[in-house]
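>>> mind folding the following:
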Amino acid sequence: MTVSDKRLVPRLGVLISGRGSNLQALIDAASRGELQATVAHVISNKPDAAGLVRAREMGIETSVVLARDYPGREAFDRALVDVLRAKRIDLVCLAGFMRLLGAEFCAAFPNRVLNIHPSLLPAFPGMDAQRQALEHGVRVTGATVHFVTPELDGGPIVQQAAVEVRDEDTAASLSARILEVEHVIYPAAVQRILHESWRVDGRRVSFAAPRTS
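Numbers count the residues shown, from 1 in each chain. Below you'll find the model as predicted:
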């Protein structure tokens, strides 16, 4: 399956809370033609998020949706859904969005919400994954693109890449190297989900074998 066959260029909605470096990676990949999609709308739950400025400078429409304006998570999620539907979004990409999305949001976009996490899930979900990796003494960590479900960092895995943990690493140095990998695999994973055939079997995402001539 593919996410959308209705338009020639699928429309991405990106949710951010901070600087938006993975947002920029998606924009850059699209501009190079490596990602056949357009970043159509950016939503932040933080009005001062640097990624909003980044998006506006690129001519991308933005919205700010504040949790404090709604009586609970469900109402906040519905507000996000309303914006994304109004903007005719095909695929939702979380890029440093620091809020959990509930069952109602996920049901509104089934298998159409992706996130990137700085570890090789299921290892080290949640906050400070890089620090968790160092504290556990692992020799390899990495980054994971996965579908979003109501379970924290628990959705089916789309793509992963490994990053060696060096003896001299700090949380900052390890984070920087993982981020470089994130900027590569996130656009690649989005491209695959949009333009290749795939299915979800339980927790496994299976891609069809490429055709041979």
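
>>> which secondary structure element contains the most centrally placed residue in the chain?
Closest residue to the average C-alpha location of the chain: N115 at 2.8 Å, with Cα atoms, centre = their mean. In the assignment (DSSP states H and E), N115 maps to strand 113-117.

>>> strand partners of that strand, parallel vs antiparallel please.
Counting by DSSP bridges, the strands paired with strand 113-117 are strand 91-95 (parallel), strand 140-147 (antiparallel).

>>> now mean pLDDT, distance to D169 and mean neighbour count too, for those, in JSON lines please.
From N, CA and C alone the C-beta is placed, and that goes for glycine too. Listed next are the strands paired with strand 113-117 as JSON lines, based on pLDDT from 0 to 100; distance: least, Cβ to Cβ, whole Å; neighbours: other Cβ atoms under 10 Å:
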{"stretch": "strand 91-95", "mean pLDDT": "98", "distance to D169": "24", "mean neighbour count": "24"}
{"stretch": "strand 140-147", "mean pLDDT": "98", "distance to D169": "10", "mean neighbour count": "23"}
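
>>> among those strands, which comes closest to V64?
V64 lies closest, by Cβ to Cβ, to one member of the strands paired with strand 113-117: strand 91-95, at 15.4 Å.

>>> from the chain's centroid, how far away is the closest one?
A distance of 4 Å separates the centroid of the chain from that of strand 91-95, by Cα atoms, centre = their mean, to the nearest Å.

>>> show me what the top helix by length along the chain is packed against.
Criterion DSSP state H: the longest helix present in the chain is helix 171-195. Other elements packing on helix 171-195 under the criterion 3 or more Cβ pairs under 8 Å, 6 or more residues apart in numbering; DSSP states H and E are helix 21-32, strand 91-95, strand 113-117, helix 129-136, strand 140-147, strand 157-164.

>>> list the buried residues in whichever helix or strand comes after the second one.
Using DSSP H and E, the next helix or strand after strand 91-95 towards the C-terminus is helix 103-108. Within helix 103-108, the residues that qualify as buried are 105-106, 108, counting by 16 or more other Cβ atoms under 10 Å.
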